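Enquirer: Any chance you can model this:
(one chain, ligands or ions: 1)
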Amino acid sequence: MSGVPRAEVAVPAGARLGEGPTWDGARKALIWVDILNSRVHTYDPADGARTVMATEQHVGAAKPRAGGGLVVNLRDGVGLYGADGAFSWLYREAVPGRRGNDAAVAPDGALWAGTMPYDERPGGGDLKRLTGDGTAVTVLPDVTVSNGTGWSPDGRLMYYNDTPTRRIDVFDVPSADTGGGAGVSGRRALVEIERGAGYPDGLTVDADGCVWVALWDGAAVRRYTPDGRLDRTVPVPVPRPTACAFGGTELRDLYVTTASVGTDTSAHPLAGSVLVFPGVGQGLPQPAFAG
Ligand SMILES: O=C1O[C@@H](CO)[C@H](O)[C@H]1O
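Expert: As a prediction, this is how the structure comes out:
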């Protein structure tokens, strides 16, 4: 696609910390969260319909469940909403000063859920793998701001951002047909974001195996090839894009959530909006949580 993609406003400003865009293929709608306002949003691009659900705690991420409902990464653990809206805890671990942050569903339907300390002190967060029976395995114990997580189309690589490292890391997944269990290995940097270009926040992997990463304080989304080459830069008209995901009936539209926290909203009136860049790539179907 030639030229610089132009952002359209999918959902107008209002979020403090918009995060975690996820295309729900069953509902044909975008799910996203406003972490610090404890809200789970949905947006249907077909008719513009929107819903908002309040959660009891800050909500770092919300993902579809197989069969309906949501799995949510809250302050004190991971919760489940049934199709009827009933809530239950899947895994509860209240750690003072820490909250859930980004999360992703692996090819095998497990949820990989990250945490971060509110003060972002080094090593205060972690990354766990949870299955529907409530089993939680800490995969990475020493994390600061657990963020974007995604898998290559063949499931053999996992990409991961611990934001303050400035790196997009890549891991080997032992068995593609399991989504890797908790046994990922071979951690190495795919990319190190240069100083002044922002910090790697949320990410998504496209059908070519390229990694799209939102750059917090970088006012851009970048696309990197599987060998770490910068392939495309999509300027975003706000300083703090937080995460990105492909959506739409063909999974070709890139949705970008944004934050208004720490931003001069008079200078950046779109801060806190959900933006969309139509037709910029080809995403992958996102699995639902198997639990
Ligand atoms: O995803 C996130 O990125 C940080 C900023 O690094 C933000 O507070 C958190 O939710």
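
Enquirer: Determine whether the claim that residue 164 is in a helix is correct.
Expert: Yes. Under DSSP: H, G, I helix; E, B strand; the rest coil, residue 164 sits within a helix.

Enquirer: wait, it sits on residue 122?
Expert: Yes. Residue 164 is within contact range of residue 122, at 7.4 Å (criterion: C-beta atoms under 8 Å). C-beta: built from backbone N, CA, C; applies to glycine.

Enquirer: Overlap of the contact sets of these two?
Expert: Residues touching both residue 164 and residue 122 (C-beta atoms under 8 Å, 6 or more residues apart in numbering) are residue 144.

Enquirer: and residue 155, which of the three is it?
Expert: coil.

Enquirer: ok, it - how many residues close by?
Expert: 17 (other C-beta atoms under 10 Å).

Enquirer: cool, and residue 54?
Expert: Using other C-beta under 10 Å: residue 54 sits among 9 other residues.

Enquirer: Quick check: residues of the stretch 151-291 of the chain near the ligand?
Expert: Residues of the stretch 151-291 of the chain lying close to the ligand by C-beta under 6 Å from any ligand atom are 163, 199, 201, 216, 242.

Enquirer: Go ahead and build a ChimeraX selection from the buried members of those residues.
Expert: Those of these that count as buried under 16 or more other C-beta atoms under 10 Å are selected in ChimeraX with:
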select :163,199,201,216,242
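
Enquirer: Tabulate the residues of the stretch 151-291 of the chain next to the ligand (JSON lines), appending pLDDT and secondary structure.
Expert: Formatted as JSON lines, those follow (pLDDT from 0 to 100; DSSP: H, G, I helix; E, B strand; the rest coil):
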{"residue": "163", "pLDDT": "98", "secondary structure": "helix"}
{"residue": "199", "pLDDT": "98", "secondary structure": "strand"}
{"residue": "201", "pLDDT": "99", "secondary structure": "strand"}
{"residue": "216", "pLDDT": "98", "secondary structure": "strand"}
{"residue": "242", "pLDDT": "98", "secondary structure": "strand"}
